[in-house]
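Engineer: only geometry, no sequence info:
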């Protein structure tokens, strides 16, 4: 299994209480974690589910 390259959300405030995201090749599954150590616990989403989630969040911001 290859090492994931985690990216911290650009909307993160101070400290490590942020959302971290990584893409796992070759299936392009999206890994999402909400801790300072994202390798510990994370959700695995399909690209379609991640896209739907992002669209829902954008819609909340537009409301």
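Structural biologist: Cool, the structure landed. What you see is a predicted model, and the numbers here were worked out from it, not measured in a lab.
Engineer: separation between residue 43 and residue 8?
Structural biologist: To residue 8, residue 43 is 16 Å away according to Cβ to Cβ, to the nearest Å. For every residue, glycine as well, the C-beta is placed using N, CA and C.
Engineer: Equivalent analysis for residue 42, please.
Structural biologist: With Cβ to Cβ as the criterion, residue 42 and residue 8 are 13 Å apart.
Engineer: Looking at these two, which has the bigger crowd around it?
Structural biologist: The neighbour comparison of residue 42 against residue 8 (other Cβ atoms under 10 Å) goes to residue 42, with 19 against 13.
Engineer: ok, and what's touching stretch 31-38?
Structural biologist: 4, 6, 16-24, 39-45, 50 (Cβ atoms under 8 Å, 6 or more residues apart in numbering).
Engineer: For stretch 6-21, report the contacting residues that lie outside it.
Structural biologist: For stretch 6-21, using Cβ under 8 Å, 6+ apart, the contacting residues are 22, 30, 31, 32, 33, 34, 35, 36, 38, 39, 42.
Engineer: Of these, which pair is most distant in space?
Structural biologist: For the contacts of stretch 6-21, the maximum inter-member distance is 19.4 Å, found between 30 and 36 (Cβ to Cβ).
Engineer: more neighbours, the two?
Structural biologist: residue 30 (21 against 12).
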